[in-house]
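S.K.: Structural data only, the sequence is not supplied:
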């Protein structure tokens, strides 16, 4: 469907080795004959095992300044030796590339977008104001200024509350902080607020909308003329972690009302490039509430590979290399399954995919398993087992100074003190 006239570089600064969205982009473009380069962590990464990867390159380190990211990308470009389409696969990369657009434009092909727009839409603390400006619903959100306000927000919003970080790409990898989670007590809110101090990311507490009204996402690519391509609306059938996590099982379900909301939003912003927006229906008002705006491909973007073979990364490649984009051909009911987060669903789907039904296979895609590229799935299964074992070992490790299992600790006998000593100790 496209002429593989120039290479592509997929950039991921986040060191997550199990990022299936990167593998999806590798396969999508590699199957069209495009020379695919990946600037991402390759140790223990199943993505590096894909037969569609031309070359892995060292990525900029997490938290690197713009100058270091630019230097790293220039080194990658020098190895390739000719201009390439550059597609960031995480928020940190998308924001850096957007801000460096003028500097990188002679080396890479990039969408024409204002330098601060990616950071503006990705910052969750700025979303309520952005939504008000374009008339789109957004859940009630509190940005606490101290521990007391964080604790009070639990009662104000009503437990459980969604806890988010305004700029999750700034969270230190060793902080143990999830970008999104559910909390229910003032103590949890205080603890999260304390742990976030000094990370460069502000804690947000947001009203939890029950999933009964629908958990939705919308992916797309906006071309140079502001036209929408290569995506659609999908419903989240399973999430990991449950209730406030990534899509483990998704289904393509076109919703004209939601598409109209998205077209108005990207039009008002004059947004260009790939995006992934999360919505949830407010059960009280029935309106679609915008939860997150990610200025890069969503990990499940391959759900929207349509009847003409178009998805968001192919749309960007075609647009930036000035090739015509085919008309959209939606495949309602198409599903996407992430095996390591929805193993039972994946097993059932894999068993049924062996049946001789071509239409069924065209309406389903797995994050890792692919008959024409089996190595990543095998490597993921092995690495995921090791990853799970390491987590179990960490959880079962005794706390330093704690008594061994089965050991009975005798109560301490209080020492005798004088009245003066007791008064001094109060």
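M.R.: Received, thanks. Small disclaimer: the values here were computed from a predicted structure and weren't measured.

S.K.: Sketch out the low-pLDDT regions of the protein for me.
M.R.: 243-244, 353-361, 397-426 (pLDDT under 70).

S.K.: Return the set of buried residues in the longest helix along it.
M.R.: Counting by DSSP state H, the longest helix found in the chain is helix 375-396. Residues 376-377, 379-380, 383-384 are the ones in helix 375-396 that count as buried (16 or more other C-beta atoms under 10 Å). Any C-beta I mention is one placed from the backbone N, CA and C, and that applies to glycine too.

S.K.: now, among the residues you listed, which is nearest to residue 112?
M.R.: Nearest to residue 112, judged by C-beta to C-beta, of the buried residues of helix 375-396 is residue 376 at 33.5 Å.

S.K.: how much space is there between the closest residue in space to that closest one that isn't next to it in sequence and residue 303?
M.R.: Nearest residue to residue 376, sequence neighbours excluded (C-beta to C-beta, 6 or more residues apart in numbering): residue 46, at 4.1 Å. Separation of residue 46 from residue 303 (C-beta to C-beta, to the nearest Å) stands at 19 Å.

S.K.: now residue 395
M.R.: Residue 395 is 33 Å from residue 303, by C-beta to C-beta.

S.K.: Now do the contacts for residue 289.
M.R.: Neighbouring residues of residue 289 by C-beta atoms under 8 Å, 6 or more residues apart in numbering: 137-139, 209, 279-282.

S.K.: ranges for the helices of the stretch 301-426 of the chain?
M.R.: 312-320, 343-353, 358-362, 375-396, 419-425 (DSSP state H, counting those that start in this stretch).

S.K.: Dump those helices to TSV, plus distance to residue 221.
M.R.: Shown next, in TSV, are those (distance: least, C-beta to C-beta, whole Å):
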stretch	distance to residue 221
helix 312-320	4
helix 343-353	27
helix 358-362	21
helix 375-396	24
helix 419-425	68
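
S.K.: Among those, which comes closest to residue 298?
M.R.: Of all the helices of the stretch 301-426 of the chain, helix 312-320 comes closest under C-beta to C-beta, at 8.4 Å.

S.K.: For residue 46 and residue 303, indicate the residue with more neighbours.
M.R.: residue 303 (27 against 24; other C-beta atoms under 10 Å).

S.K.: Quick check: the more buried one touching residue 237?
M.R.: No. At 11.1 Å, residue 303 and residue 237 do not qualify as touching, with contact defined as C-beta atoms under 8 Å.

S.K.: anything in contact with each of these two?
M.R.: Common contacts of residue 303 and residue 237 (C-beta under 8 Å, 6+ apart): 250-251, 335.

S.K.: Out of those residues, list just those in strands.
M.R.: Of the shared contacts of residue 303 and residue 237, the ones assigned to strands by DSSP state E are 250-251, 335.

S.K.: ok, of those residues, which one's closest to residue 92?
M.R.: residue 250 (23.9 Å).

S.K.: residue contacts, that closest one?
M.R.: 217, 234-237, 300, 303, 335-336.

S.K.: just residue 115 next, same as before
M.R.: Contacts of residue 115 by C-beta under 8 Å, 6+ apart are 98-99, 101-102.

S.K.: Just list the residues touching residue 135, thanks.
M.R.: With C-beta under 8 Å, 6+ apart, residue 135 has these contacts: residue 264.

S.K.: so how far is residue 264 from it?
M.R.: 8 Å.
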